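Q: Predicted model and sequence below, questions to follow.
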Amino acid sequence: MNMYTYSWIIAIVLFFAVLVMLEMGRRIGKRRKREGMDPGKSGTGPVDAAVFGLLGLLIAFTFSGAASRFDARRVQIVNEANAIGTAYLRVDLLPPDRQGAIRDLFRTYADERIAVYQAVPNMEQVNKTLANSSKTQSKLWEASLAACREAASPAVTSMVVPALNEMFDLANSRTAAAFMHVPTVVVVTLLGMAAASALLAGFGMATDKGPSILHYVGFALVMSLVVLVILDLEFPRLGFITLEEFDKYVQQARSAMG
């Protein structure tokens, strides 16, 4: 199973867990009411407010982090596409007899970079393509340096080498960013806070004649959807939220190579 499947499992489990906690809290409140305590006038309002406030803060923190990482990944795709295009254009500065082989390496490298992300969620294929991409990087670097030495021009070297460095650095940064996610302990804490909030909410609903199905389902559904969206943002190549519309920039850079 990939993370997309786990995201749905987590959301569904949370949905039913919130329903259970709401009902549990309501029954506890009902029992306390029979014992003479009115849950609506128990003076626990400040505690409820604090717990729900912490839940809201945790959701905001987690959602904001996931959205920031998602935006950063989109920017990195565009930056890498620009770097590949710029480095490819700099090949024109190299000796003509060297350009053909280097251009072929560029095409291979661009194809491999595209293939890396198309292989998701097959991590075995992803790792294999990344390894091939690293080998092509080395070949491209060696061929370009040899061509720069043959050109015997500091100006050519100062134009070609930095462009290659930037292209490789952005590729590594983008690969690393794909594995940067919200810490597991934060997600677990968020799920725990959602369950605790549901328990308190159920306790406060004990003054009603019966459970409010609308509030039960509404609260459980909202919490599940929030967690699902956060996980979708964290793993944008596995769910409804994708990066495909930005992948076209790298594909366009590859198409420009012929």
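A: Noted; the coordinates are in hand.

Q: Retrieve the pLDDT associated with Val182.
A: We have a pLDDT of 89 for Val182.

Q: got the phi/psi numbers for it?
A: Main-chain dihedrals, Val182, degrees, to the nearest 10: phi -60, psi 140.

Q: and the longest helix along the chain, what other elements does it pack with?
A: What stands out as the longest helix in the chain, according to DSSP state H, is helix 45-89. Helices and strands touching helix 45-89, as assessed by 3 or more C-beta pairs under 8 Å, 6 or more residues apart in numbering; DSSP states H and E, comprise helix 96-118, helix 154-177, helix 184-204, helix 213-234, helix 244-255. Every C-beta, even on glycine, is put in place using the N, C-alpha and C of the backbone.

Q: which secondary structure elements does the fourth one contact?
A: Using 3+ C-beta pairs under 8 Å, 6+ apart as the contact definition, the elements that helix 213-234 packs against are helix 3-34, helix 45-89, helix 184-204.

Q: Comparing those helices, which yields the minimum mean pLDDT?
A: helix 3-34 (a mean of 86).

Q: Can you convert the helices and strands packed on helix 45-89 into CSV and add a column each for mean neighbour count?
A: Listed next are the helices and strands packed on helix 45-89 as CSV, based on neighbours: other C-beta atoms under 10 Å:
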stretch, mean neighbour count
helix 96-118, 17
helix 154-177, 16
helix 184-204, 18
helix 213-234, 18
helix 244-255, 15
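
Q: and of those, who's closest to Phe61?
A: helix 184-204 (7.9 Å; C-beta to C-beta).

Q: With just CA atoms, put that closest one into CSV.
A: Output of helix 184-204 as CSV, limited to C-alpha atoms (Å, rounded to 0.1, in the frame of the first residue of the first chain):
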residue,chain,number,x,y,z
THR,A,184,4.7,11.6,12.4
VAL,A,185,4.5,12.7,16.0
VAL,A,186,2.7,15.8,14.9
VAL,A,187,0.1,13.8,12.9
VAL,A,188,-0.4,11.5,15.9
THR,A,189,-0.9,14.4,18.2
LEU,A,190,-3.4,16.0,15.8
LEU,A,191,-5.4,12.7,15.7
GLY,A,192,-5.3,12.5,19.5
MET,A,193,-6.4,16.1,19.9
ALA,A,194,-9.3,15.5,17.5
ALA,A,195,-10.4,12.5,19.6
ALA,A,196,-10.1,14.4,22.9
SER,A,197,-12.1,17.3,21.5
ALA,A,198,-14.8,15.0,20.3
LEU,A,199,-15.0,13.5,23.8
LEU,A,200,-15.4,17.0,25.3
ALA,A,201,-17.9,18.0,22.7
GLY,A,202,-20.0,14.9,23.4
PHE,A,203,-19.9,15.6,27.1
GLY,A,204,-21.3,19.1,26.4
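
Q: Thanks a lot, see you next time.
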